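> Sequence and predicted structure are below.
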2 protein chains.
Amino acid sequence: MSDIEDDVLDRSAEDTADEARDSYALDDTLLGKLRAAVAARDPAAIDALITPLHPADIADLLEQVSDPVRAAWLRLWPSSIDGDVLSELYGDLREEVIGLLPDSVLQDAVRDLDSDDVVDLVEDLEDDQQEAILDVLAPSDRVAVEQALSFPEESAGRLMQREVVAAPEHWTVGEAIDYMRAHKRELPEQFYHLVLTDPRMKPVGYVTLGRIMSTARKTPLIELLEDSFRVIPATQHEDEVAYAFNQYHLISAPVVDDDGRLVGVITIDDAMNVLDDANEEDILRLAGVDEESSLNDRVIDTTKRRFPWLFVNLITAILASLVISQFEAAISQIVALAVLMPIVASMGGNAGTQSLTVAVRALATKDLTRSNLLRVVLREAGVGLINGLVFAVVMGVIGVLWFGSPMLGVVIAVAMVINLLVAGLAGILVPVILERLRVDPALASGAFVTTVTDVVGFFAFLGLAVVLLL
Amino acid sequence: MSDIEDDVLDRSAEDTADEARDSYALDDTLLGKLRAAVAARDPAAIDALITPLHPADIADLLEQVSDPVRAAWLRLWPSSIDGDVLSELYGDLREEVIGLLPDSVLQDAVRDLDSDDVVDLVEDLEDDQQEAILDVLAPSDRVAVEQALSFPEESAGRLMQREVVAAPEHWTVGEAIDYMRAHKRELPEQFYHLVLTDPRMKPVGYVTLGRIMSTARKTPLIELLEDSFRVIPATQHEDEVAYAFNQYHLISAPVVDDDGRLVGVITIDDAMNVLDDANEEDILRLAGVDEESSLNDRVIDTTKRRFPWLFVNLITAILASLVISQFEAAISQIVALAVLMPIVASMGGNAGTQSLTVAVRALATKDLTRSNLLRVVLREAGVGLINGLVFAVVMGVIGVLWFGSPMLGVVIAVAMVINLLVAGLAGILVPVILERLRVDPALASGAFVTTVTDVVGFFAFLGLAVVLLL
C-alpha cells in the first residue's frame, strides 16, 4: 500500500506550476514532527509546533492524526486547545476532544469565547457535557447562552451574536464616534454597521462604519442609511438567512424578535459557514452519505452511517430483479437479453441522476418555482427524448452488429427512448414532489428515481423483447 | 400536466408552520402580473413592478420568464436592466440579455459599475460583445479593466477590486480619519479595513474600522493591527482564496503582486460567491452535469451538455455487458444468474459512489492529505468489508429462499463481499489518483468507479457461479 501512496502523492518538479492552487494545504512535515514530539513525550516540542498555528489549522491537525496520537498529544499538552480551536472542530471529534481535556483547560477555553460561539459549541453536545460547560460560565453569560438555546435549532436566533452596536435614530456622526470611544471595551471584535433604532428598539436602518468615519461630525446618522438594510426574524431558518446574505450581498443584518425589536446581529462569516455546510450536506446526501460523516469516524460508525442508503438500494435492486424474474423464460431462450439489459437500466439511472441533481439544486437556490415548473418539466422531457433517440440509434446499431439481429436492435432502441424519457420526467418530478411533502429532496430523490429507471428499463426492454422477438 | 403541477405545488394551511423556511421565494403573483403587463405592452406597468425590486430579484425574474416574454419585456422597457442586474445574471442568459439591450441602455448600465464588476461582466463574453462594452468605458476605467483581465482566469487578480483604502504605517488614528473625510468621494462603497503599507507599498498589516473609530485620535495605527492579517498573491487561484477566507474567517484581505506590493483587495462577499460556485460545480460534476448548465438553456443546449457523460456511461455499460457475454453459457443453464446479477453490480456502484463522494469532498476541503491517506484507505476498505459481510448474509439468505439453492446463496454472498470491498477501495483511490494527475476528481471519478464496480460485480458473481454451480 505504501508504494501506491508514494507513487500517487509524491510531488514532482512539474507541480510547481500548480502551486498557486494548493497554497493552504497543511505542511506534511509538520504532522511528522508532531508525531515525533508526541512519541518523545515532549510537551515543549509540541507547544513550539502548535503555538504559531491558526486555531483552524490546529483543528485540522487534530482531525488528521490517528486516535492514539491525538489522545497522547492532549494528555501531554492539553493547553494546545483553546476555545477557538474547539469552535473549529466538528461533530464527534469535538465531543471526543472535550472528553479528553482536563476540566481546568476546558473551563479556560470556554470562558474566552463569545456567547454565540459557546452556543455553537454546546448545542450538539450530550446533556452532561453541555451542563459541564454551562456550569463554568459567568451567570450573565450563562443566561445569554440559555436564551439563545431557547430559539429553535438552526434558527437565526442560534446563529446571531447578541452584542450589537446600536444607536438612537436621532444621533449625529459625532455622538456615535464619542459613544464608541467611551465604550470601546464593550464593542464586539468585529462589526461593520451601526444599527439605528427607534425608541421601542426597532431597527430603522444601518450605517456603514466607513460612511461614519468619512462624514463630518455634525451630520445626522439618519442621512447616511444604506439601501441594503434588511432585518432577519430570530425564528427564521439559518438556510434562509444564508440565502438572503448570498442573494442580497449582505455583510451584516440585525435580528429581531416577534415584536420587531432588535435582539442581535448576524454577520456574513456566519452566513458563509451555513451556506458551505448546506452545500456540503446536499453533496453528501445526494450520494447517500450521512451529512454528519467525517474522515475521523471509527470504521464501525462509518459503516453504520452508510448502511441505511445501501439497504434502500438493496430493496430497489431486488425490485428490479423481481421484474427480471418475470422474464426468465425469454432470457433462457435469448441469452443476449441478459447481456444487453443492464445497458438500458444504467443509461436511465445516469440520465435520471443528471435531471434530479439539477432539480435538487434549482429547488435549493429557488430557481425552480411554481411559475416555471411546467416549462422545466417539458424541457427535461425534451432533453430525455432527444438523448434517448440518439442513444437508441447508437445502441440499435451496436445490437445489430453484435448479435446480428435487427429486431434486437429495434427492441433496445425503443427501450432506450422510453427509459431516458421516463428518467428525465422522474428526475424533475420526484424532487419537486418530495419538496412539497417536506422531505429533503437531496436525501430521498436518488432512491426513487433509480427505482423508476431500473424497473422501467428492465420492463421496457424485456417486455418488448417478448412481444417482438418470441 | 397542469393537474399534477397544482397538486404538487398548491400551498395548504399546514404549510404556514414551515413558512420560516421559504421567506425569500419570489412572489408567484409578481410573475403573473409581469406577464400581464408585457402582454398588454404597458411599459409603465412593467416599470412599476420592477422598480421596487432588488437587482438580484430582477435577475431571478429574467431567469424565470420564458424566452418570448423576456424578449418582449426588454423591448418594451429595456431600462429595467442596470449594471447591477447584469452582474447578477449568469452565463448564457447574461449574453442573451446583453444582446437584447439597446446600446444606450447597455452603456449606462456598464458606466455605473465598479471596475471589478465590469471585469466579472466581460470576462466570459464573446470578443465582439466584450469590445463593445470596453469601448463605452472612460479611458482610465478601461485601463483598469484591461489590467485586471491580464491576470489569469479565476485568479485573485480577476476577483479583487482595485480601490483599496491604505495608509502609511506611521499614521495615527486622527490622520486616518482626516484623510478619509477629505477623500470621501474616492472611497469604495464597502470597506472594512484600513491597510497599512511601508514606503515601497508593501502591506504590513491592517486595522478594522471599528477599532479606528473607538480609539483616541493620537494613537498610532500600528498599535491597532489585527492578528487575522494575511495577504493574497494576485496569481493565486480563486478557489484557494475562498478556502483561505473560509478557513481563517477573513473579512477582507489585501492582494499583492509578485513583488509583494499592494494592488487590490478581496472582500468576503466575493469569496462567498466563489465558494458557492465551487460547491455548485462539484455537485453538478459529481452527477455528470456540465457546471455551466442552467434551467434557461435551450433544450438542444442542455441535451448537448448532458450527452458526453451519458456517452461515457454507455462505454462503461458496454464494457460490463462484454463481461456478461463471456458467461452466456452459464446464464442459459441457470437463468437465476441473470435475475440476481444486477443486484451485486448495483450495490457496488452505490457503495463506490458513497466512498468517492466523501473522498472528492475531503480533497476539496484539504482534509484528505498525504499524511492520512493510508489510514483513510484502510478505513474505507474496512467499511466496505463490514457492509459487504452484512449484505452478503442478507443476500445469501434471500438467494437461498428465493431460488432454493444454498450454493447460489454462497455465490452471491461472496461476490457481494468482493464488490463492496473493491468499491470502497476504488472510491477512495480513483479520486486521489485523478487529483495527482491534475484531473478534477469531481468530474471523472464517477465513470471510473462505476466501471470498476460493474465489471468486478458481474465478473465475480458470474465467475464464482461457473466455478461453484456448474
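Thanks, I have it.

> How is chain A divided into domains?
Per automatic domain parsing, the structural domains of chain A span A:25-150, A:166-285, A:299-469.

> got JSON lines for the ones you listed, with mean neighbour count too?
C-betas here are computed from N, CA, C, even on glycine. Shown next, in JSON lines, are the domains of chain A (neighbours: other CB atoms under 10 Å in any protein chain shown):
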{"stretch": "domain A:25-150", "mean neighbour count": "17"}
{"stretch": "domain A:166-285", "mean neighbour count": "19"}
{"stretch": "domain A:299-469", "mean neighbour count": "22"}
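
> can I get these in JSON lines with distance to residue B:407?
Shown next, in JSON lines, are the domains of chain A (distance: least, CB to CB, whole Å):
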{"stretch": "domain A:25-150", "distance to residue B:407": "42"}
{"stretch": "domain A:166-285", "distance to residue B:407": "39"}
{"stretch": "domain A:299-469", "distance to residue B:407": "18"}
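
> want to throw these into CSV with distance to residue B:288 and mean pLDDT?
Shown next, in CSV, are these (distance: least, CB to CB, whole Å; pLDDT from 0 to 100):
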stretch, distance to residue B:288, mean pLDDT
domain A:25-150, 28, 87
domain A:166-285, 14, 93
domain A:299-469, 6, 94
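
> out of the ones you listed, which comes closest to residue B:429?
Residue B:429 lies closest to domain A:299-469 among these, at 16.8 Å (CB to CB).

> Need the phi and psi values for residue A:195.
Main-chain torsions, residue A:195, degrees, to the nearest 10: phi -90, psi 130.

> now do residue A:257
Torsion angles, degrees, to the nearest 10, at residue A:257: phi -90, psi -170.

> show me what contacts it?
Neighbouring residues of residue A:257 by CB atoms under 8 Å, 6 or more residues apart in numbering or on different chains: A:234, A:263.

> What distance do you get for it to chain B?
14 Å (CB to the nearest CB, to the nearest Å).

> Same question for residue A:397.
The value you get for residue A:397 to chain B, if CB to the nearest CB is used, is 12 Å.

> from what I can see residue A:232 touches residue A:243, true?
No: shown here, residue A:232 and residue A:243 do not form a contact pair, counting by CB atoms under 8 Å, at 11.0 Å.

> Indicate which one of the domains of chain A is closest to residue B:41.
Comparing these by CB to CB, domain A:299-469 comes nearest, at 20.9 Å.

> got the end-to-end distance for that closest one?
The first and last residues of domain A:299-469 sit 50 Å apart, counting by CA to CA, to the nearest Å.

> can you check stretch A:252-264 too?
OK, stretch A:252-264 end separation, CA to CA: 11 Å.

> Off-centre distance for that stretch?
Put simply, stretch A:252-264 sits 26 Å off its chain's centre (CA atoms, centre = their mean, to the nearest Å).

> Identify whichever of the domains of chain A lies nearest to residue B:431.
domain A:166-285 (13.2 Å).

> Spell out which helix or strand contains the closest residue to residue A:361 other than its chain neighbours, please.
Of all residues not flanking residue A:361 in the chain, residue B:283 sits nearest, at 6.1 Å (CB to CB, 6 or more residues apart in numbering or on different chains). For residue B:283, the element it lies in under DSSP states H and E is helix B:268-286.

> looking at it, residue A:250 is touching residue A:226, isn't it?
No: the criterion here is CB under 8 Å, and residue A:250 misses it with residue A:226 at 10.1 Å.

> Mind jotting down where the strands sit in chain A?
Secondary structure of chain A (DSSP state E): strands located at A:166-168, A:193-197, A:203-208, A:232-233, A:252-256, A:262-267.

> strands paired with the second one, and their directions?
For strand A:193-197, the paired strands and their directions (DSSP bridges) read strand A:166-168 (parallel), strand A:203-208 (antiparallel).

> got a list of what residue A:224 touches?
Residue A:224 touches A:173, A:207, A:208, A:211, A:212, A:215, counting by CB under 8 Å, 6+ apart.

> how close does it sit to residue A:119?
In this view, residue A:224 and residue A:119 are 32 Å apart by CB to CB, to the nearest Å.

> Report the spatially closest residue to residue A:206, excluding sequence-adjacent ones.
Residue A:206 sits nearest to residue A:193 (CB to CB, 6+ apart), 4.1 Å away.

> The one you found pairs with what?
Residues in beta-bridge contact with residue A:193 (DSSP bridges): residue A:208.

> residues touching it, list them.
Here residue A:193 is in contact with A:165, A:206, A:207, A:208, A:209, A:226, A:251, A:252, A:265 (criterion: CB under 8 Å, 6+ apart).

> coming back round to it: my guess is the residue nearest to residue A:361 meets residue A:358, correct?
No: in this structure residue B:283 lies outside contact range of residue A:358 using CB under 8 Å: 9.5 Å.

> Could you pull out the helices in the stretch 51-200 of chain A for me?
A:55-64, A:67-76, A:83-88, A:91-100, A:103-111, A:115-122, A:127-136, A:139-149, A:156-159, A:173-182 (DSSP state H, counting those that start in this stretch).

> Just checking the second one against chain B, any contact.
No: residues of helix A:67-76 contacting chain B under CB under 8 Å from any CB of the partner chain: none, with a closest distance of 9.8 Å.

> residues making contact with that helix?
By CB under 8 Å, 6+ apart, the list of residues contacting helix A:67-76 from outside reads A:34-35, A:38, A:41-43, A:46, A:62, A:65, A:80-81, A:96-97, A:100-101.

> With distance to residue A:397 as added columns, please give the helices of the stretch 51-200 of chain A in JSON lines.
Supplementary listing: the helices of the stretch 51-200 of chain A in JSON lines, determined by distance: least, CB to CB, whole Å:
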{"stretch": "helix A:55-64", "distance to residue A:397": "52"}
{"stretch": "helix A:67-76", "distance to residue A:397": "56"}
{"stretch": "helix A:83-88", "distance to residue A:397": "57"}
{"stretch": "helix A:91-100", "distance to residue A:397": "52"}
{"stretch": "helix A:103-111", "distance to residue A:397": "68"}
{"stretch": "helix A:115-122", "distance to residue A:397": "59"}
{"stretch": "helix A:127-136", "distance to residue A:397": "64"}
{"stretch": "helix A:139-149", "distance to residue A:397": "65"}
{"stretch": "helix A:156-159", "distance to residue A:397": "57"}
{"stretch": "helix A:173-182", "distance to residue A:397": "76"}
